[in-house]
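Undergrad: Sharing a sequence plus its predicted fold:
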Amino acid sequence: MGYEPLDRQTTADFLVSVTNPDGREIRDGVEGRVPQTSEEMTAAFLASPLGQANCDAMGDYHSHYVGNPEGKDAYGGPAATVS
């Protein structure tokens with residue numbers, strides 16, 4: 001997306017930093033093309049191959065398991081009950 005991790009920054013800290021406008025380091029050469037708002041980040045993710053794969057996987061899961069007793073059995077266990 002165009003963000004650069006800071007020196008010695010852990011992956012977890014990097015992921016948190018890109019959600020904070022004051023904590024982002026933008027990679028040289030991509031200024032002006034990097035998502036700045038949560039809406040822009042969402043749109044960029046959904047338009048990406050990874051975002052499409054995620055949506056496809058969620059759709060497959062939903063069609064196989066949600067509201068499908070046979071899918072529940074294939075999932076490997078009884079449905080959870082709420083009391």
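TA: On my side now, so go ahead. Residues are numbered from 1 along each chain as shown.
Undergrad: Can you tell me the closest non-neighbouring residue to Gln36?
TA: Pro21 (7.1 Å; CB to CB, 6 or more residues apart in numbering). To be clear about C-beta, it is placed using only N, CA and C from the backbone, and glycine gets the same treatment.
Undergrad: how many other residues sit next to the one you found?
TA: Pro21 has 9 neighbours, counted by other CB atoms under 10 Å.
Undergrad: hang on, it is in a strand, isn't it?
TA: No: under the criterion used here (DSSP: H, G, I helix; E, B strand; the rest coil), Pro21 is coil, not part of a strand.
Undergrad: Could you check the pLDDT of it?
TA: Note on Pro21: pLDDT of 86.
Undergrad: any idea how far it lies from Ala43?
TA: 17 Å (CB to CB, to the nearest Å).
Undergrad: before we move on, what about Cys55?
TA: Taking CB to CB, one finds Cys55 at 13 Å from Ala43.
Undergrad: Give me the phi and psi angles of the residue nearest to Gln36.
TA: Pro21 adopts backbone torsions of phi -50, psi -30, taken as degrees, to the nearest 10.
Undergrad: Does it touch Val34 like I think?
TA: No: Pro21 lies out of contact with Val34 (CB atoms under 8 Å); the separation is 11.0 Å.
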